[in-house]
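[1] With the sequence up front, the predicted model follows.
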Amino acid sequence: MSERLRLWQFLEDELKTTGTAVATWQHKFDHPGRVVNVGVNYTFHREDEKYYFTNTLPTYVGLDSFKLISDEHVGDFSIDYVQPLRYGKFETGVKFRSRYIPTNMQFIPGLNSPLDVEAGGWATYEEAIPALYGNYIFERNRIEVEAGIRVEYVRIIYKVNPDHNTYESDGYHYTQPFPNLRFAYKPNGNNGYPGDKCIPGPDVIPQGKSYSRFYIDLGVKKTVQSGRGEIFLNATDLANTLRVKRETTGNGFRLVSTDYYEAQVVRFGYNYKF
């Protein structure tokens with residue numbers, strides 16, 4: 001009979017929370033096709049992760065754990081203007097994105113722990129990207145030309161706990177233009193042939209087997225305010241059954257694992273049409 005020399009167990013407990021708010025406004029001028037669109041979007045995403053390690057040997061049992069919490073704040077603002085022309089249209093606008101992600105990691109060592117406890121602590125990621133763009137589209141029966149440019153400024157700042165044993169605070173910034181040019185010729189006036197090429201790759205596709213999976217989704221919605229508003233609630237994988245079990249046997253070891261897919265999502269929201 002074989003003797004077990006070591007048993008290493010791993011448990012992951014992860015909770016993700018996401019909230020989104022979106023507001024859009026459109027102004028249509030008297031001239032057909034001439035419009036201004038303004039959009040504001042905010043997204044909050046939290047990842048609360050806990051990892052537990054149990055290291056069982058004949059002489060002792062080590063209990064280690066690791067905790068991570070991350071709050072991501074993303075804000076987007078955009079103004080887009082479209083001016084129809086005799087042959088085509090002109091588009092221009094401004095966009096701005098801001099991301100702020102504070103994180104905190106904590107290592108909790110057990111007996112004879114292999115964890116590097118000095119690798120934890122807080123860190124913050126900050127990102128700001130304003131951009132300005134302009135685009136002209138020329139359209140005739142057989143010819144279509146699109147030319148434009150986007151200029152963006154990027155500023156990235158990464159702040160790290162000053163006592164960290166590996167990383168340190170850093171950042172960078174740059175301004176860069178991104179021009180674009182597209183040409184299409186339509187022999188019959190409908191279908192175009194763009195002036196760029198795409199070469200398909202070989203049919204290099206791996207073969208495999210997927211076992212049966214089972215999950216339950218639910219969704220309800222209710223119209224309010226004389227049809228202008230709507231309250232909705234939907235959820236996926238209510239019973240948390242979307243999982244895959246694997247077993248691996250190698251030289252001197254046997255691994256049994258179950259992958260819990262991050263499919264449990266509950267969304268509750270409100271839509272209003274102006």
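    Done, it's in. Numbering: from 1, shown residues only.
[2] mind listing the strands for the stretch 101-250 of the chain?
    All strands of the stretch 101-250 of the chain, identified by DSSP state E, counting those that start in this stretch, fall at 121-139, 143-160, 170-185, 193-194, 218-224, 229-236, 243-250.
[3] could these go into TSV alongside distance to Val256, mean neighbour count and mean pLDDT?
    Where C-beta positions appear, they are placed from N, C-alpha and C, glycine not excepted. Listed next are these as TSV, based on distance: least, CB to CB, whole Å; neighbours: other CB atoms under 10 Å; pLDDT from 0 to 100:
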stretch	distance to Val256	mean neighbour count	mean pLDDT
strand 121-139	34	16	94
strand 143-160	37	15	92
strand 170-185	42	11	88
strand 193-194	51	11	45
strand 218-224	32	11	86
strand 229-236	27	14	86
strand 243-250	5	10	72
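[4] Mind putting these into CSV with distance to Phe66?
    Compiled in CSV, those are given as follows (distance: least, CB to CB, whole Å):
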stretch, distance to Phe66
strand 121-139, 13
strand 143-160, 18
strand 170-185, 24
strand 193-194, 50
strand 218-224, 34
strand 229-236, 28
strand 243-250, 22
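[5] Of all those strands, which one comes closest to Glu47?
    Ranking these by distance to Glu47, with CB to CB as the measure, places strand 121-139 first at 13.1 Å.
[6] so that closest one versus strand 143-160, what angle?
    On the basis of axes from the mean of the first three to the mean of the last three CA atoms, to 10 degrees, strand 121-139 is oriented at 170 degrees to strand 143-160.
[7] So which elements touch strand 121-139?
    Under the contact definition 3 or more CB pairs under 8 Å, 6 or more residues apart in numbering; DSSP states H and E, strand 121-139 sits against strand 88-108, strand 143-160.
[8] okay, now His73: neighbour count?
    Neighbours of His73 under the rule other CB atoms under 10 Å: 14.
[9] Name the residue closest to the centre of this protein, please.
    Geometric centre of the chain, nearest residue: His45, 9.8 Å, by CA atoms, centre = their mean.
[10] For that one, which residues count as its bridge partners?
    Going by DSSP bridges, His45 is paired in beta bridges with Thr18, Glu72.
[11] and it, what does it touch?
    For His45, the contact set (CB atoms under 8 Å, 6 or more residues apart in numbering) comprises Lys16, Thr17, Thr18, Asp71, Glu72, Val74.
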